[in-house]
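Engineer: what follows is a predicted structure for the sequence shown.
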Amino acid sequence: QQQVKQSPQSLIVQKGGISIINCAYENTAFDYFPWYQQFPGKGPALLIAIRPDVSEKKEGRFTISFNKSAKQFSLHIMDSQPGDSATYFCAASMRGNFNKFYFGSGTKLNVKP
Amino acid sequence: EAQVTQNPRYLITVTGKKLTVTCSQNMNHEYMSWYRQDPGLGLRQIYYSMNVEVTDKGDVPEGYKVSRKEKRNFPLILESPSPNQTSLYFCASRGTVSSYEQYFGPGTRLTVT
């Protein structure tokens, strides 16, 4: 059973548009929520992360929105660019054991020029 | 350059033939992990290590072994590979207990026939 559910599986967005990827979790012990970006042939790389004490975190064009009561968090990519085309994974890690990570199933984003 | 390296990058083998995938990091990180990535399932953690000689199971440890005899190295051992272990494998490392960012290696694509 997947501890972190991610949607959509794939996403096509026009250049300049907003890309939105959603994740949901059940385990309230999760305390750290990172997003990873993966290009073909490469390992995932940390993009942005949030702790549950804030509802939003922004870094450049990338924003995480976090809804603790709904147990959901999402990644928003503003002004999406073709260079953003990649697979995105959300993940969660547990309070007291930041060595265990649970990943979503991934979203393949294609930004069309 | 700070990095996580894995070898080999590609491996085709036959059922039952023992193999080892090496992982090495040059960042003096305490924490290291192994993941497998499968379509539609995202990344799943196999084993992780908190320090030399300290390892623990992740979500999918069956059929795998690890060892951590030196801080920089964390090999993944498949004693008797089976076709269901055909996957893309990633090694990752993390600095300290208060640093959540994981650095991933480039991946090893394993095919077991």
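Structural biologist: Good, I have the coordinates.
Engineer: how about the residues of chain B near chain A?
Structural biologist: B:4, B:31, B:33, B:35, B:40-45, B:48, B:50, B:56, B:58-59, B:90, B:92, B:94, B:97, B:100-102, B:104-107 (Cβ under 8 Å from any Cβ of the partner chain). For glycine as for every other residue, the C-beta is placed from the backbone atoms N, C-alpha and C.
Engineer: excluding its backbone neighbours, what's nearest the residue nearest the centre of chain B?
Structural biologist: Among the residues of chain B, the one closest to the centroid is residue B:34, at 3.0 Å (Cα atoms, centre = their mean). Leaving aside its chain neighbours, residue B:34 sits nearest to residue B:46 (4.3 Å; criterion: Cβ to Cβ, 6 or more residues apart in numbering or on different chains).
Engineer: who's the residue nearest to the centre of chain B bridged to?
Structural biologist: residue B:47, residue B:91 (DSSP bridges).
Engineer: what's the separation between it and chain A?
Structural biologist: Separation of residue B:34 from chain A (Cβ to the nearest Cβ, to the nearest Å): 11 Å.
Engineer: what residues does that residue make contact with?
Structural biologist: Contact partners of residue B:34, counting by Cβ atoms under 8 Å, 6 or more residues apart in numbering or on different chains, are B:23, B:45-48, B:58, B:64, B:66, B:74, B:76, B:89-92.
Engineer: go on, residue B:27?
Structural biologist: By Cβ under 8 Å, 6+ apart, the contact list for residue B:27 reads B:2, B:3, B:4, B:93, B:95, B:103.
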